[in-house]
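Peer 1: Next one to model:
(one chain, ligands or ions: 2)
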Amino acid sequence: MANLAKHVQVAVGVITRNDQFFVCRRRAHQHQGNKWEFPGGKIDLDESPEHALRRELSEEIGIIARAYFHLLNLDFSYPDKKVSLHVFVVSDFSGEAYGAEGQESKWVGFNDLLSLDFPDANRTIIEKLALIRG
Ligand SMILES: Nc1nc2c([nH]c(=O)n2[C@@H]2O[C@H](COP(=O)(O)OP(=O)(O)OP(=O)(O)O)[C@@H](O)[C@H]2O)c(=O)[nH]1
Ligand SMILES: [Mg+2]
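Peer 2: Ligands and ions are numbered 1, 2, ... in the order given. Take a look at the predicted model:
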């Protein structure tokens, strides 16, 4: 069981509007603390990735995702934890994105994504985003 607890399925949302991207800062005590992230969180047992995406975005940044597409699935092993990220690009939503759990957050341009301090798994996400932007 201990091993299972250290491999988590995660829904991640790349929130985009007007060629800007919404990013949040992880809390110091969290895994990969103080790094920037795309909002999201663990998929519950028997929950679909899409449902987890909508739920986490509502809880963490106060938006209702209206249109999104699957970008990629990505397995990554940190020294202390394995993650399977189910990544979606959210292109339409209602509400104004903000740090609904008190976390730091901001809208940034694509070039800023390249220089922000993200968890290592995110490199693959950003490379794929660069590809689809052309
Ligand atoms: N949300 C999010 N998690 C990421 C990203 N990249 C990445 O490696 N992760 C990892 O995926 C896991 C996500 O879990 P989480 O901490 O967001 O989970 P959660 O929202 O359910 O919250 P919790 O920390 O209160 O349990 C963490 O281990 C985190 O380090 C990312 O861009 N966004
Ligand atoms: Mg989270």
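
Peer 1: List phi and psi for the residue of the chain found nearest ligand 1.
Peer 2: Using CB to the nearest ligand atom, residue 41 is the residue of the chain that sits closest to ligand 1, at 2.3 Å. Backbone N, C-alpha and C define where each C-beta goes, glycine included. The phi/psi pair for residue 41 (degrees, to the nearest 10) reads phi -180, psi -170.

Peer 1: And the helices in this structure, which stretches?
Peer 2: 2-5, 49-61, 110-115, 122-133 (DSSP state H).

Peer 1: Redo the ones you listed as JSON lines? Include distance to ligand 1, mean neighbour count and mean pLDDT.
Peer 2: Formatted as JSON lines, the helices of the chain follow (distance: least, CB to the nearest ligand atom, whole Å; neighbours: other CB atoms under 10 Å; pLDDT from 0 to 100):
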{"stretch": "helix 2-5", "distance to ligand 1": "11", "mean neighbour count": "7", "mean pLDDT": "59"}
{"stretch": "helix 49-61", "distance to ligand 1": "6", "mean neighbour count": "19", "mean pLDDT": "98"}
{"stretch": "helix 110-115", "distance to ligand 1": "11", "mean neighbour count": "13", "mean pLDDT": "96"}
{"stretch": "helix 122-133", "distance to ligand 1": "5", "mean neighbour count": "15", "mean pLDDT": "97"}
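
Peer 1: Alright, that wraps it up for me.
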